[in-house]
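> Here is a sequence with its predicted model. Questions after.
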Amino acid sequence: MNESHRLAEASRPADDIPSTERGTSLKVGQGRPFRRYVVSYAFALMGFFMLFGAVGGILLPNQVQGIEFDKFFTGADHGADLHQLSDLKAQVEAGSVTPSADQQRLLAILDRFESARAQSLSYVQAAAVFVAMFIQPITGVLSDRTRSPWGRRAPWIVGGAVLGTLLLVGLRYSPTIAYMAVFWALSQLLLNVSSVPLTATVADRVDARRIGMASAISGLCSMLGAAVGAVGAGLAFDTLGLDAYYPFALAFVVLATLFVLISRDRSSMELTTAPMEWTDTFRSFVIPLRDSDFRWVWFAKIVMMFGYSISILYSIYMLQSYVHPALSPSEATKIAPLLQVAALPCMLVAMVVVGRWSDRIGRRKPFVFWTSVLMATSMLIPLIWATVSALFIQAVIAGIALGGYVVVDQALFIDVIEDKKTAGRDLGMASMAGNLGQGIGPIIGGQVVALAGGYRAVWVVAAVVVLAAAAAIIPVKRAR
């Protein structure tokens, strides 16, 4: 190559960076292609998390509650008012009211109903989390090797979005908890088939100098999308009921498709890939767990997310049955999303402050330890003060703790990885730890509510478990 050609290549704008591998993506770094990619990617990702915020936070709990209500309150009892029954229960427990024989019968049904809805919601959510956890690495590997005129990721992004949202029709009309668990798990599977390749496009297509910006946008869109979805579903449920599934499902399909069309990737038909041995691939995931430091950090993340997931799973139900005065189902549906909204600004501030502070002093362990302690402390507030205000205060403090934790926890994982050449695999295992905790949490949480006969014990278990996350960081040696 002559000198003039080298100078021309060096001066080539970052929005037209050639790839050295046939069938892979062009990278964008500035100009209109970069802006087009970032905007379309941000909206697609927000659509995904809006859907999950709406379904997981609002629609599923209400649908489970409806199915369980019809099962327990039958015949003449079908007109029972949950709000009035919850108020009656509180008055009886306070000793201010002596219930009649019929009221005692209804309160006994209410207790069984509350335990059943908590357990059922936990089963539906846990089944979906476990399915998503295992499909994510498989989808990543398969999309890496896909040949299509639209690039490696596009068929998975659009196909998963369309098929996953179609399964939400089955979820909306599910007559039993078992049907709900099946349809939500299958829908999660396919929606993750869409989201994993979507997020992989950042590594494929964004110039290294802009990765930080794209990652920040990813984090912001995920949190903002979940909050907007929950608030939107809370407002829509009064008028649309369970038909509120449809606008959020349609929005994600449209935004995912627009991303593929607006920021079109180049063909991967000429992609060359080496033969893959699935057995060796799956075996390699166990390798990082042989290291004690990695095991401690991995365990800490499992129990941290386990405790946090228990504390947020039953927000709608706690607003109806735990706080005093209790809210009606309609009021709880509208107030529950505002807990996320209240926590969001504090979470974002904590991410920025803790991330920069940790980088400046070069330490991770103290931040992971103290954010875990702060999270556990927040759970004592509604334990000793069962009011709506206490739930808001807990949500804000937990948001600060989680925001600081997620930033430094990722850095701590990177610090303890022995072989940085396998960082992708090892960080995939780190993500699996979070999913595993979120999968186990609902199962245990449902059993706690059933055994304890209420939600107070949930806060105790969550606080103890999160303290275990703090303790697990202490033995880590290859990090400060």
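That came through fine. Remember, it's a predicted structure, so these values are computed and weren't measured experimentally. Residues are numbered from 1 along each chain as shown.

> Which parts of the stretch 51-200 of the chain are helices?
Counting by DSSP state H, counting those that start in this stretch, the stretch 51-200 of the chain has helices at residues 60-72, 82-94, 101-144, 154-172, 177-205.

> Run through the stretch 101-250 of the chain and note the low-pLDDT ranges.
208-216, 219 (pLDDT under 70).

> How many residues are close by R360?
8 (other CB atoms under 10 Å). (Each C-beta comes from the backbone N, C-alpha and C, glycine too.)

> What distance do you get for it to V354?
Distance, R360 to V354, using CB to CB, to the nearest Å: 11 Å.

> Next: G95.
Taking CB to CB, one finds G95 at 46 Å from V354.

> Give me the more crowded residue out of those two.
Neighbour totals were compared for G95 and V354, and V354 leads with 22 against 7 (other CB under 10 Å).

> Please give me every residue in contact with the more buried one.
V354 makes contact with F367, T371, G403, G404, V407, V408 under the criterion CB atoms under 8 Å, 6 or more residues apart in numbering.

> Tell me who's in contact with the fourth one.
Spelled out, that is G404. Taking CB under 8 Å, 6+ apart, we find G404 in contact with A350, M351, V353, V354, F367, T371, L374.

> for V206, phi and psi?
Dihedral pair for V206: phi -100, psi 130, per degrees, to the nearest 10.

> quick one, domains of this structure?
Domains of the chain are assigned by automatic domain parsing as 28-270, 281-480.

> Pull the distance from the shortest one to the chain's centre.
Looking back up the chat, that one is domain 281-480. Here the centre of domain 281-480 is set off from its chain's centre by 11 Å, with CA atoms, centre = their mean, to the nearest Å.

> do the first one as well
Chain-centre distance of domain 28-270: 9 Å, with CA atoms, centre = their mean.

> mind checking which helix or strand the nearest residue to A470 once chain neighbours are set aside is in?
Closest residue to A470 apart from its sequence neighbours, by CB to CB, 6 or more residues apart in numbering: S372 at 3.7 Å. When elements are assigned from DSSP states H and E, S372 belongs to helix 365-378.

> Next SSE downstream of that helix?
Moving toward the C-terminus from helix 365-378, the next helix or strand (DSSP H and E) is helix 380-384.

> quick one: buried residues of the following helix or strand past that following helix?
Sequence order places helix 388-416 as the next helix or strand after helix 380-384, per DSSP H and E. By neighbour count on 16 or more other CB atoms under 10 Å, the buried set for helix 388-416 is 388, 390-413, 415-416.

> Give me the angle between helix 388-416 and helix 365-378.
160 degrees (axes from the mean of the first three to the mean of the last three CA atoms, to 10 degrees).

> Which strands or helices does the helix or strand containing L240 pack on?
If you go by DSSP H and E, L240 is part of helix 211-240. Counting contacts by 3 or more CB pairs under 8 Å, 6 or more residues apart in numbering; DSSP states H and E, helix 211-240 is packed against helix 31-54, helix 177-205, helix 245-262, helix 329-361.

> ok, back up a step: can you lay out the helices of the stretch 51-200 of the chain as TSV showing distance to L258?
Below are the helices of the stretch 51-200 of the chain laid out as TSV (distance: least, CB to CB, whole Å):
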stretch	distance to L258
helix 60-72	27
helix 82-94	41
helix 101-144	19
helix 154-172	10
helix 177-205	12
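
> With respect to F43, which of those lies nearest?
Proximity to F43, assessed across the helices of the stretch 51-200 of the chain by CB to CB, is greatest for helix 177-205 (11.1 Å).

> Give me the helices and strands touching the closest one, please.
helix 31-54, helix 60-72, helix 101-144, helix 154-172, helix 211-240, helix 245-262.

> try 6 Å this time
helix 101-144, helix 154-172 (3 or more CB pairs under 6 Å, 6 or more residues apart in numbering; DSSP states H and E).

> residues near S148, how many?
16.

> I figured it hits W156, correct?
No: under the criterion of CB atoms under 6 Å, S148 is not in contact with W156, lying 9.4 Å apart.

> re the thing from before, report the contact partners of the residue nearest to A470.
M304, V466, A469, A470 (CB atoms under 6 Å, 6 or more residues apart in numbering).

> Cross those against helices and list the overlap.
Secondary structure assignment by DSSP state H places M304, V466, A469, A470 of those in helices.

> What is the burial count for the residue nearest to the second one when sequence neighbours are not counted?
Spelled out, that is V466. Distance criterion CB to CB, 6+ apart; nearest residue to V466, sequence neighbours excluded, is G307 at 3.7 Å. Neighbour count of G307, defined by other CB under 10 Å: 28.

> give me the element G307 is part of.
Using DSSP H and E, G307 falls in helix 292-313.

> mind listing what's buried in that helix?
Per 16+ other CB under 10 Å, helix 292-313 contains these buried residues: 293-313.

> just the angle between that helix and helix 101-144, please?
Using the same axes, to 10 degrees: helix 292-313 against helix 101-144 is 140 degrees.

> Can you tell me what sits against helix 292-313?
Helix 292-313 is contacted by residues 288-289, 372, 379, 412-413, 416, 433-434, 436-438, 440-442, 445, 458, 462, 465-466, 468-469, 472-473, 475-478 when judged by CB under 6 Å, 6+ apart.

> which element is the residue nearest to Q125 when sequence neighbours are not counted on?
Among residues not flanking Q125 along the chain, P442 sits closest, at 4.5 Å (CB to CB, 6+ apart). Using DSSP H and E, P442 falls within helix 423-452.
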